[in-house]
Every structure is written in C-alpha cells, then in structure tokens.
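Q: coordinates only, sequence not included:
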C-alpha cells in the first residue's frame, strides 16, 4: 500500500470514528422544541412592529406637552381660560378589516408636508385584501411581498411595497 493510500485510509478511519462519536453524543441530547422557535419568530415579528407605534406615541406626547406649555402661558395672561381645560391631541387607531398592500411607486403614494413634517399619502391600494403568509405588517421592502399577485415584476414594483 502506498503512503498516500495509507494516509487516506487513516483519514477515513478517523472520520468514521469522529462521526460515530458525534452520533453517540447526539442521541443523548434532548429533542429541540420546535414550538419554542416558532414562538421566538413571532416575538421577533412583534418587536419589528414596535418602532412605528412607539415613535408615533412619543410624537403625540411631545405635541401634548407643547400644547400644555402654550396653554399655561395663555392662562398666565388670562386666568379664565383655565376653566376650559388643557387642550390635547388625541390619537385614534383604526383597525383595518384585512391587510392591504401598497407599493411605494410614484403612482401609488407621494410625500406630503403636514405641519412641517413629511408624511406618506397613499393614493392607491395595490392589493386591497392581501393575505401573504410570513409578511410582517407595516414593513417596507419585505422580499416575501414579491409573491403578491398584485405586484408586477415588469414595472419594478416587486420589492417596494408596504403591507398595512
């Protein structure tokens, strides 16, 4: 037997021994609970949804603090205004009956100024009832949205969509 063949043989024997050792170790390990992984994935999706509502809540609080300061200054000059109460901006959350898909193409949305702030105005709902699986709602550029039947790969709107 040549030296090279002996080397391959030793390498093979070593690999078989290590594989056997690995398999012996694996059978002693407890099974992985797949439900835990699914639960972690759901938690990750929920966490991904949090930044927008947190930012909107912080903005609303900031606006209300500013309104309270302005009201305080008005009350100092005219105490009768205090009886009217402190003005507040209130947020109203409207739950949609079903998810919708909107692309960010120039025919479907535009950027507008609202009180010196840039907002997206949706001009067109691309897919009114979009039930794609695995898509995180209120997410930009989710690659899974390429599978949406309303998106046409020929016009370039395959990844620039927003599901809400």
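A: Thanks, I have the structure now. On a predicted model such as this, the values are computed, not experimentally measured, just so you know.
Q: Please make it C-alpha for all contacts and neighbour counts, starting now.
A: Fine.
Q: list the contacts for the residue nearest in space to the middle of the chain?
A: By CA atoms, centre = their mean, the mean C-alpha position of the chain lies nearest to residue 48, the distance being 3.8 Å. By CA atoms under 8 Å, 6 or more residues apart in numbering, residue 48 lies in contact with residue 136.
Q: Next SSE downstream of the helix or strand hosting residue 12?
A: When elements are assigned from DSSP states H and E, residue 12 belongs to helix 3-26. Moving toward the C-terminus from helix 3-26, the next helix or strand (DSSP H and E) is helix 34-49.
Q: average pLDDT for that following helix?
A: The pLDDT scores in helix 34-49 average 79.
Q: Please apply the same query to stretch 122-137.
A: Average pLDDT, stretch 122-137: 79.
Q: okay but residue 103 is in contact with residue 126, surely?
A: Yes: Residue 103 is in contact with residue 126 according to CA atoms under 8 Å; the separation is 6.5 Å.
Q: Out of the helices and strands in the chain, which is least certain?
A: For the chain, using mean pLDDT, DSSP states H and E, the weakest element among its helices and strands is strand 161-163, scoring a mean of 46.
Q: quick one: low-confidence ranges for the protein?
A: 139-141, 152-164 (pLDDT under 70).
Q: now do 90
A: 1-8, 30-57, 59-60, 63, 74-164 (pLDDT under 90).
Q: What's the biggest helix in it, counting residues?
A: helix 51-77 (DSSP state H).
Q: Run the chain-centre distance for the helix holding residue 12.
A: Its chain's C-alpha centre and that of helix 3-26 lie 47 Å apart, by CA atoms, centre = their mean, to the nearest Å.
Q: repeat for stretch 85-97
A: The answer for stretch 85-97 is 23 Å, by CA atoms, centre = their mean.
Q: Who has more neighbours out of residue 103 and residue 126?
A: The neighbour comparison of residue 103 against residue 126 (other CA atoms under 10 Å) goes to residue 103, with 25 against 21.
Q: returning to that earlier point: what about the residue nearest to the centre of the chain, distance to residue 98?
A: Residue 48 sits 19 Å away from residue 98 when distances are taken as CA to CA, to the nearest Å.
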